[in-house]
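In: Any chance you could fold what I've pasted below:
(one chain, ligands or ions: 1)
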Amino acid sequence: MGRVAYVNGRFVPHAEAYVHIEDRGYQFADAIYEVWAVFDGKLADAEGHFVRLERSLSELSMPMPMSRAALTLVLKEALRRNRVREALIYLQVSRGVAPRDHAFPKTPVRQAVVITVSPVDRAASEARAAKGVGVVTTPENRWGRCDIKTVGLLPNALAKQKAREAGAAEAWFVDELGFVTEGASSNAWIVDREGRLRTRDTNANILRGITRKTLLQVIANEGLTVDERPFTPADALEAKEAFITGAGTLVLPVVSVDGKPVNGGKPGPVATRLRSLYIERAKATAI
Ligand SMILES: Cc1ncc(COP(=O)(O)O)c(C=O)c1O
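Out: Model (predicted):
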């Protein structure tokens, strides 16, 4: 059996899954999304992603398309129908289909809800983490509400393409003061020369990563210190280690920035240990 997608209340073959041409997500990026890592068929950091989903929707004056309980059942059913245990599951909710007009439809329309499942090869992810990845830097050019997880991702897509063309895995946005904000699809971290973990604070214009949030708890349990203070690409190059976090990457060591090595071009012990602790915890708490 092939891939199956969920579209507006129905499970359909992935190749036949369509939304309307006047979907506001398609025309205005008037839509939000969430992504959960799935371990052994269960949703990792489920609560955190649901809380952020509700917040993203509410920031755009949209309700939840169904209750959390109902959504959990649909997400689980999508996983079951796709017959995968290790995956990423993507949920998108748009304001719905309406004649093209920038302002919201006067009478609310039915939201468009889409779910897709992508299998993950855990062995390949571990091999990638064992080698580490490169990042490139790029000027921050996104809108002022990066805390909302909207599908308006063109700057992120362009940044990611720049990374790919440079043979890197991720792009770090750098703000006008020269500080790294976050990655195109991940949060950015370093272990500075004093051994402190550094990552951008969530008052900055970044997405409040759920993996970041859980990792902060893991770090606290380890008795390590975190300084939610900005760092520059130069700080990253001088750092002991660097890494990124996200539902897709989990905790992934960064071994170069703009082609220059971090930690001699090798994953460091802190990032490597945090990766395994994060995965352990995510598996233990997945639902
Ligand atoms: C811009 C951006 N920052 C950070 C993240 C990491 O967030 P999370 O850990 O919730 O996946 C993502 C994930 O897609 C992202 O798109």
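In: For this protein, which residues are neighbours of the ligand?
Out: When proximity is defined by Cβ under 6 Å from any ligand atom, the chain lies next to the ligand at 35, 156, 182, 185-187, 207, 209-212, 245-247. Quick note: C-beta positions are derived from backbone N, CA and C, even for glycine.
In: Closest one of the residues you listed to residue 28?
Out: Nearest to residue 28 among the residues of the chain next to the ligand, counting by Cβ to Cβ, is residue 156 at 17.0 Å.
In: From what I see, the closest one and residue 186 are in contact.
Out: No: between residue 156 and residue 186 there is no contact under Cβ atoms under 8 Å: 10.3 Å.
In: Who has more neighbours out of those two?
Out: Neighbour count, other Cβ atoms under 10 Å: between residue 156 and residue 186, residue 186 has more, with 27 against 18.
In: correct me, but the more buried one touches residue 244?
Out: Yes: using Cβ under 8 Å, residue 186 is in contact with residue 244, at 3.9 Å.
In: confidence score at the closest residue to the ligand within the stretch 1-150 of the chain?
Out: As assessed by Cβ to the nearest ligand atom, the ligand sits closest to residue 35 within the stretch 1-150 of the chain, at 5.7 Å. pLDDT for residue 35: 98.
In: show me what contacts it?
Out: Residue 35 sits next to 49, 88-91, 247-248 when contact means Cβ atoms under 8 Å, 6 or more residues apart in numbering.
In: what does residue 82 give?
Out: Applying Cβ under 8 Å, 6+ apart, the residues contacting residue 82 are 3-4, 117, 119.
In: Pipe those into TSV and attach neighbour count, pLDDT and secondary structure per row.
Out: Shown next, in TSV, are those (neighbours: other Cβ atoms under 10 Å; pLDDT from 0 to 100; DSSP: H, G, I helix; E, B strand; the rest coil):
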residue	neighbour count	pLDDT	secondary structure
3	16	96	coil
4	20	98	strand
117	23	98	strand
119	14	98	strand
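In: Include distance to residue 29 when you put these into JSON lines, please.
Out: Shown next, in JSON lines, are the contacts of residue 82 (distance: Cβ to Cβ, whole Å):
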{"residue": "3", "distance to residue 29": "25"}
{"residue": "4", "distance to residue 29": "26"}
{"residue": "117", "distance to residue 29": "23"}
{"residue": "119", "distance to residue 29": "27"}
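In: And the furthest pair within those?
Out: Within the contacts of residue 82, 4 and 119 form the most distant pair, 12.3 Å apart (Cβ to Cβ).
In: all strands in the stretch 151-287 of the chain, in order from the N-terminus.
Out: Per DSSP state E, counting those that start in this stretch, the stretch 151-287 of the chain carries strands over the ranges 170-174, 180-183, 187-191, 197-199, 226-227, 241-246, 250-257, 260-261.
In: Please report how far residue 201 lies from residue 51.
Out: 19 Å (Cβ to Cβ, to the nearest Å).
In: For the stretch 151-287 of the chain, which segments are assigned as helices?
Out: Ranges of helices in the stretch 151-287 of the chain, per DSSP state H, counting those that start in this stretch, are 154-165, 210-221, 233-238, 269-285.
In: Correction: the previous question concerned the stretch 1-150 of the chain.
Out: Listed in chain order, the helices of the stretch 1-150 of the chain (DSSP H, counting those that start in this stretch) span 24-28, 46-59, 68-82, 122-131.
In: isn't residue 268 right next to residue 241, touching?
Out: Yes: under the criterion of Cβ under 8 Å, residue 268 makes contact with residue 241 at 3.2 Å.
In: overlap in contacts of those two?
Out: Shared contacts of residue 268 and residue 241, defined by Cβ under 8 Å, 6+ apart, are found at 191, 253.
In: Settle it for me: which of these two has more neighbours?
Out: Using other Cβ under 10 Å, the more surrounded residue of residue 268 and residue 241 is residue 241, with 25 against 22.
In: My understanding was that the more buried one contacts residue 274; is that so?
Out: No: between residue 241 and residue 274 there is no contact under Cβ under 8 Å: 9.6 Å.
In: Out of the helices of the stretch 1-150 of the chain, the one nearest residue 218 is which?
Out: Short answer: helix 46-59, nearest of the helices of the stretch 1-150 of the chain by Cβ to Cβ, at 13.1 Å.
In: and that closest one, what does it pack onto?
Out: Under the contact definition 3 or more Cβ pairs under 8 Å, 6 or more residues apart in numbering; DSSP states H and E, helix 46-59 sits against strand 31-39, helix 68-82, strand 87-94, helix 210-221.
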